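Colleague: Build the 3D model from these lines:
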Amino acid sequence: MNQETIETSIRTLGEAKIPSPMLKEEHGGIHHLFVSDEDQVMINIKRANIEAMFAKGMSPPAFEVAGPRRKVYFDASKLRCAIATCGGLCPGLNDIIRAIVLELHYRYGVKIIYGVRHGLEGFIPEYNRDFLDLTPTRVTTIMNMGGSILGSSRGAQDIDRVVDCLEVNNIGILFMVGGDGTLMAASKIADTISQRRLKISVVGIPKTIDNDIHMVSRSFGFDTAVDVARMAIQSAHNEAIAYPNGVGLIKLMGRHSGFIAATAALAQQDANFVLIPEVDFDLEGPKGLMAALEARVTSRGHAVIVAAEGAGQKFFQNVDERRDPSGNIRLNDIGPFLKEAIKAHFAQKNIPLNIKYIDPSYMIRSLPANANDSVFCGFLGRDAVHAGMAGKTKLVIGHWNNHFVHLPMEATAGRRKQVRPNGKLWTTVLESTGQPSLKNDPS
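Modeller: Model prediction:
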């Protein structure tokens, strides 16, 4: 990480001059929780790196701490807000919506809060999607539901028309909950708002079940995903040991990053092989996956393989590249491919095989959040409200060095966090599974 190139400044709509409604007793009166822009968290906390920057006469970069400010930019009595959830479903979306609505209503006194139906489509007239009035009564129990009460959608929409809708409806704060594509769209919306000289705040809440957003140490939904993935690994192991030469194969989410597969394998240490996008492996050859799997099955009688969905894409080189409506490359399905390849290998060797394939992907992402994720979503939603009310814009609420912080959208959008092949997480997976490199020696 090059600290010297990290953008940390947060854009504001103007000076915050209004005493926060949270100072009033009826809105909480929580005086001791107020923070200022001078409260900051250093990005890199290693002593050697800090000393090196001081030696160069530089100040180590730091992020603003998230939280309520004593003065706000918007007059809550006249403010209208909107919330949109975009992209794939993820545990915790309803928790985020609930936290935002309750914080706006009870702590700031904002009465008009719109839910935008089906992502950015809800701003475009041709889709004919009315706003949903979000009240405390409507959102009180939604944390027990999976999915999003607002719905979602993929695909780009005309940014100018989105801003037209915000302007016409006098919306002052837009909360956008989504992954990398959503945050890039939110950044463009904020830029267009700025070009038009409008006073509309855009606050992003990073959502990716894969935990792969750059500069965000943890994203909501990931903990729930690991919980359920752990059960899938346990089921695959039970199936594998129940039959002679049993193989349990699980495909987990992780398009470009293997955090779910790696973490779930450590949470439920029954996996013998873990395949992730960041670490290359060979299928055939004396040191490839098939040889290692054959040795494992013939010696121990069973094996469990965990594969992230983005692993092994090199085996599909002759397949045409396709993209989804959001512009993401459609991955080829590694799960069925591995299943058939394993069956073919064992059949060729005349070795009996019982293989069971499990893909819990859509079950995981549409579930309600577990306890840890639900608490985490509450922090994110409330801090998003504090940032918006203070007039901050084009920012993301993130979690860094055990603090909730403000991240400029430029620091996160368009880049991806990945498992480091030489890092603590992956080396611990290798220690846990005992799997070899699965790579043949270069010829």
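Colleague: and Glu239, what is it in contact with?
Modeller: Contact analysis of Glu239 by Cβ atoms under 8 Å, 6 or more residues apart in numbering lists 246, 248, 356. For every residue, glycine as well, the C-beta is placed using N, CA and C.
Colleague: most surrounded residue in those?
Modeller: Greatest neighbour count in the contacts of Glu239, by other Cβ atoms under 10 Å, goes to Gly248: 29 neighbours.
Colleague: Phi, psi for that residue please.
Modeller: Main-chain torsions, Gly248, degrees, to the nearest 10: phi -100, psi 130.
Colleague: Now do the SS call for the closest residue to it other than its chain neighbours.
Modeller: Nearest residue to Gly248, sequence neighbours excluded (Cβ to Cβ, 6 or more residues apart in numbering): Ala236, at 2.8 Å. Put simply, Ala236 is helix when judged by DSSP: H, G, I helix; E, B strand; the rest coil.
Colleague: Identify the residues contacting Ala236.
Modeller: So Ala236 contacts 248-250, 270, 304, 356, 358 (Cβ under 8 Å, 6+ apart).
Colleague: Equivalent analysis for Gly335, please.
Modeller: With contacts defined as Cβ under 8 Å, 6+ apart, Gly335 is in contact with 249, 251, 307, 309, 357, 359.
Colleague: So for the helix or strand encompassing the first one, mean pLDDT?
Modeller: Secondary structure from DSSP states H and E places Leu249 in strand 246-252. For strand 246-252, mean pLDDT is 97.
Colleague: what's next to it, contact-wise?
Modeller: Contacts of strand 246-252 (Cβ under 8 Å, 6+ apart): 225, 229, 232-233, 235-240, 260-261, 264, 293, 297, 301-309, 333-335, 338-339, 342, 353-361.
Colleague: Buried among those? Make that a ChimeraX selection.
Modeller: Buried subset of the contacts of strand 246-252, written as a ChimeraX selection, criterion 16 or more other Cβ atoms under 10 Å:
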select :225,229,232,233,235,236,237,239,240,260,261,264,293,297,302,303,304,305,306,307,308,309,334,335,338,339,342,353,354,355,356,357,358,359,360,361
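Colleague: Next, format the contacts of Glu239 as JSON lines and append distance to Pro68.
Modeller: Listed next are the contacts of Glu239 as JSON lines, based on distance: Cβ to Cβ, whole Å:
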{"residue": "Gly246", "distance to Pro68": "55"}
{"residue": "Gly248", "distance to Pro68": "49"}
{"residue": "Lys356", "distance to Pro68": "51"}
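Colleague: neighbours around Trp259, how many?
Modeller: Actually, residue 259 is Phe. It isn't Trp. 27.
Colleague: From Phe222, how far out is it?
Modeller: 7 Å (Cβ to Cβ, to the nearest Å).
Colleague: any residues in contact with both of the two?
Modeller: Contacts common to Phe259 and Phe222, judged by Cβ under 8 Å, 6+ apart, are 210-211.
Colleague: Tell me the span between the first and last residue of stretch 192-208.
Modeller: In stretch 192-208, first residue to last residue: 25 Å (Cα to Cα, to the nearest Å).
Colleague: what separates it from the chain centre, distance-wise?
Modeller: Its chain's C-alpha centre and that of stretch 192-208 lie 19 Å apart, by Cα atoms, centre = their mean, to the nearest Å.
Colleague: Make 250 the first number, not 1, from now on.
Modeller: Sure, I'll start counting at 250 from here, so that last one is stretch 441-457.
Colleague: of the contacts of Gly584, closest to Phe323?
Modeller: For these, the minimum distance to Phe323 (Cβ to Cβ) is 41.8 Å, reached by Glu558.
Colleague: wait, what's in contact with that closest one?
Modeller: Per Cβ under 8 Å, 6+ apart, neighbours of Glu558: 500-504, 580, 582-584, 610.
Colleague: same thing with Met425?
Modeller: Counted by Cβ under 8 Å, 6+ apart, Met425 has contacts 333, 335, 431-432, 434-435, 438, 451-454.
Colleague: Geometrically speaking, which residue is the centre of this protein?
Modeller: Residue closest to the average C-alpha location in the chain (Cα atoms, centre = their mean): Thr457, at 1.9 Å.
Colleague: measure the closest residue to that one other than its chain neighbours to Gly470 for me?
Modeller: Nearest non-adjacent residue to Thr457, counting by Cβ to Cβ, 6+ apart: Gly428, 4.4 Å away. Using Cβ to Cβ, we find Gly428 at a distance of 10 Å from Gly470.
Colleague: Spit out the residues that contact the two alike.
Modeller: Here Gly428 and Gly470 have 456-457 as joint contacts, going by Cβ under 8 Å, 6+ apart.
Colleague: If you count surrounding residues, which of these two has more?
Modeller: Taking other Cβ under 10 Å, Gly428 and Gly470 do not tie; Gly470 has more neighbours (30 against 22).
Colleague: The closest residue to that one other than its chain neighbours: which element?
Modeller: Among residues not flanking Gly470 along the chain, Cys339 sits closest, at 3.9 Å (Cβ to Cβ, 6+ apart). If you go by DSSP H and E, Cys339 is not part of any helix or strand.
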